[in-house]
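In: requesting a structural model of the entry that follows:
(chains A, B, C and D)
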There are 2 protein chains.
Amino acid sequence: METKKDSTEDKILEAAKNVFVTKGMDGARMQEIADEAGINKALLHYYFRSKERLFEATFGEIIKYAFPKITQIVQTDGPIVTKIEQIIDAYIDLLIKHPFIPGFVMKELNRDPSGLFKIVVKFGLNPKAIFDHIQLAMDRGEIIKMKPQHLAINILSMCIFPFAARPILSFVVFKDDPKALEAFYAERAEIIKKFVIDAIVIRENHIDT
Amino acid sequence: METKKDSTEDKILEAAKNVFVTKGMDGARMQEIADEAGINKALLHYYFRSKERLFEATFGEIIKYAFPKITQIVQTDGPIVTKIEQIIDAYIDLLIKHPFIPGFVMKELNRDPSGLFKIVVKFGLNPKAIFDHIQLAMDRGEIIKMKPQHLAINILSMCIFPFAARPILSFVVFKDDPKALEAFYAERAEIIKKFVIDAIVIRENHIDT
DNA sequence: AAAAAATTTAACCGGATGGTTAAATCTAAT
DNA sequence: ATTAGATTTAACCATCCGGTTAAATTTTTT
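Out: I've put the predicted structure just below:
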């Protein structure tokens, strides 16, 4: 199941990713990572001196997929509805490819939120720019008015949560029917897009607050 | 900050709740729980023989708040829109009182999904009944049509996710302004209700699929 | 071929941690 | 007052685990 270069470092990072994502930082064992990488513990420390460093390297690899470049999409011109659709498409696409990211990121950021600062600067996250953009579209009358944060979180919630709560969905909603679960995920993009648009486009009988 | 009977067992459960919720099963330390309960480790094992048992007891206590009686609300008669509003109100109310439940539950169910089975039977969770109920309302033309699972998950997502992702919201969106974050949470119920209703009520210019 | 780097083996250290134990002390019920 | 249960103290054990080390072996580079 290897993907890129088969170098030992990559094998380690790949193995670490698997173990850390399923077990978390606390639950992960260096020995298990070594086993999964097909090497021994000594070599593991030979490459990454400590569990801490290995985790940080792995976390960095994973977090890349967590915050896609929505800023890029937002910066283009065109109706905001189109941009929202693009963002939803991009996000769901990403999450279907990396379904375990949300759970992992939320778990670890809850454990130790200190890493958030690095992430924000590293990815140049600028939520304010996005919120301003949304606000502008609202002022222009493109969509109904609400605090931009609420709209953004509403969209992100519907995209991310179903993946973060995958075990619950899997067992409680789709009683151990993996096919049905995958089909559900595949439908999400279209569903969310329609849902959001129906909620925010302005119509005659809209009670605008 | 004690609430109910000040019995030792309650003190332990209260302390265990705090520690387990913040540190998780793996990260929690028996010594820390004993300290937090104001007792010693020996007495801790005197009441709950092992960490495993203590965790299970605590988890049971916590999980009670995770799946509120939406079934009750659903079973009443009246328009489904009203019921949806009641459910959102109930859920947000609950989450504001217990903001750390979502993160904890998702973390632990991800770590060991085996506990889900017990929960489902214990609480008599019957999602199918809910889905059927939604489907019926759709067939009656009360709201637009979509797979009931999507509607339910959309609503739950917008309710739960902002709490599960609290650290991200706190730092990235409301840069260390706790007041703003609390205000945001307080607004959620109204926002979600309006959002959902605007998305699902039938209007003339609705493109019904 | 020689040198350097990568990898293995296997043992070990030390600290943290879950759990136990035995004796002593305190508290509440009989 | 006696007794049983609750609680403390303090030491202890076994295990797990992150990390180290030294030597041997293999692979790669020069």
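In: contacts only, for A:Phe55.
Out: Applying C-beta atoms under 8 Å, 6 or more residues apart in numbering or on different chains to A:Phe55 gives the contacts A:16, A:20, A:25, A:28. Placement of C-beta: from N, CA and C, glycine included.
In: and chain A, what are its domains?
Out: Structural domains annotated on chain A: A:8-62, A:65-200, as defined by automatic domain parsing.
In: possible to save the ones you listed as CSV with mean pLDDT?
Out: Shown next, in CSV, are the domains of chain A (pLDDT from 0 to 100):
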stretch, mean pLDDT
domain A:8-62, 96
domain A:65-200, 93
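In: switch these over to TSV; also include distance to B:Gln149.
Out: Shown next, in TSV, are the domains of chain A (distance: least, C-beta to C-beta, whole Å):
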stretch	distance to B:Gln149
domain A:8-62	26
domain A:65-200	6
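In: now those in a markdown table, with distance to DNA strand D?
Out: Formatted as a markdown table, those follow (distance: least, C-beta to the nearest atom of the strand, whole Å):
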| stretch | distance to DNA strand D |
| --- | --- |
| domain A:8-62 | 3 |
| domain A:65-200 | 15 |
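In: tell me the one among the contacts of A:Phe55 nearest to A:Asp77.
Out: Set against A:Asp77, the nearest of the contacts of A:Phe55 by C-beta to C-beta is A:Phe20 (40.3 Å).
In: and for the helix or strand containing the closest one, what's in contact with it?
Out: Assigned by DSSP states H and E, A:Phe20 belongs to helix A:8-27. Residues from elsewhere that reach helix A:8-27, judged by C-beta under 8 Å, 6+ apart: A:2-4, A:28-29, A:32-34, A:36-39, A:43-44, A:47-48, A:51, A:54-55, A:57-59, A:61-62, A:100-101, A:103-104, A:107-108, A:111-112, B:24, B:26-27, B:107, B:111.
In: where does the residue most central in space within chain A land in three-state SS?
Out: Centroid-nearest residue in chain A: A:Ala66, 3.7 Å away (criterion: C-alpha atoms, centre = their mean). Assigned with DSSP: H, G, I helix; E, B strand; the rest coil, A:Ala66 falls in the coil class.
In: show me what contacts it?
Out: With C-beta under 8 Å, 6+ apart, A:Ala66 has these contacts: A:101-102, A:105.
In: at 7 Å instead, please
Out: By C-beta atoms under 7 Å, 6 or more residues apart in numbering or on different chains, A:Ala66 lies in contact with A:101, A:105.
In: ends of stretch A:161-171, what's the gap?
Out: 15 Å (C-alpha to C-alpha, to the nearest Å).
In: who wins for most neighbours among the contacts of A:Phe55?
Out: A:Ala16 (27 neighbours; other C-beta atoms under 10 Å in any protein chain shown).
In: so which strand or helix has the residue nearest to that one when sequence neighbours are not counted?
Out: Nearest in space to A:Ala16, with sequence neighbours left out and distances taken as C-beta to C-beta, 6 or more residues apart in numbering or on different chains, is A:Thr58 at 4.4 Å. Taking DSSP H and E as the definition, A:Thr58 sits inside helix A:51-63.
In: A:Ile192 and DNA strand C, how far apart?
Out: To DNA strand C, A:Ile192 is 41 Å away according to C-beta to the nearest atom of the strand, to the nearest Å.
In: kindly list the longest helix within chain A.
Out: The residue-count maximum for a helix in chain A (DSSP state H) belongs to helix A:178-200.
In: how far does stretch A:173-193 sit from the chain's center?
Out: 17 Å (C-alpha atoms, centre = their mean, to the nearest Å).
In: try stretch A:108-127
Out: For stretch A:108-127, the distance to the chain centre is 13 Å (C-alpha atoms, centre = their mean).
In: how about stretch A:109-128?
Out: So, by C-alpha atoms, centre = their mean, the centroid of stretch A:109-128 is 13 Å from its chain's centroid.
In: please apply the same query to stretch A:53-62.
Out: Using C-alpha atoms, centre = their mean, the offset of stretch A:53-62 from its chain centre is 16 Å.
In: and it with DNA strand C, contact?
Out: No - with C-beta under 7 Å from any atom of the strand as the measure, stretch A:53-62 is seen stopping short of DNA strand C, the closest distance being 14.5 Å.
In: okay, buried residues for that stretch please.
Out: Buried residues in stretch A:53-62, counted by 16 or more other C-beta atoms under 10 Å in any protein chain shown: A:54-55, A:57-59, A:62.
In: from those, pick the one nearest DNA strand C.
Out: When the buried residues of stretch A:53-62 are ranked by distance to DNA strand C (C-beta to the nearest atom of the strand), A:Leu54 comes first, at 14.5 Å.
In: that closest one touches A:Phe48, doesn't it?
Out: Yes - A:Leu54 is within contact range of A:Phe48, at 3.9 Å (criterion: C-beta atoms under 7 Å).
In: quick check: A:Ile92 touching A:Glu190?
Out: No - counting by C-beta under 7 Å, A:Glu190 is not a contact partner of A:Ile92; they are 9.1 Å apart.
In: chain B contacts on chain A?
Out: A:24, A:26-27, A:103, A:106-107, A:109-111, A:113, A:116, A:120, A:125, A:127, A:146, A:149-150, A:153-154, A:157-158, A:160-162, A:164-165, A:167-168, A:171-173, A:184, A:187, A:191, A:195, A:198-199, A:203, A:205 (C-beta under 7 Å from any C-beta of the partner chain).
In: can you flag the buried ones in the contacts of helix A:8-27?
Out: Using 16+ other C-beta under 10 Å as the threshold, A:28, A:32-34, A:36-37, A:39, A:44, A:47-48, A:51, A:54-55, A:57-59, A:62, A:100-101, A:103-104, A:107-108, A:111, B:24, B:27, B:107, B:111 are the buried ones among the contacts of helix A:8-27.
In: around DNA strand C, pick out the residues from chain A.
Out: For chain A, the contact set with DNA strand C under C-beta under 7 Å from any atom of the strand comprises A:8, A:38-43, A:46-47.
In: switch the cut-off to 10 Å
Out: A:6-9, A:11-12, A:26, A:34, A:37-47 (C-beta under 10 Å from any atom of the strand).
In: quick check: closest non-adjacent residue to A:Ile73.
Out: Closest residue to A:Ile73 in three dimensions, ignoring its sequence neighbours and counting by C-beta to C-beta, 6+ apart: A:Gln86, at 5.0 Å.
In: what's around the one you found, how many residues?
Out: Considering only other C-beta under 10 Å, A:Gln86 is surrounded by 17 other residues.
In: buried ones in the host helix or strand of it?
Out: In this structure, A:Gln86 sits in helix A:80-97 according to DSSP H and E. Going by neighbour count (16+ other C-beta under 10 Å), the buried part of helix A:80-97 is A:80-81, A:83-92, A:94-95.
In: good, wrapping up.
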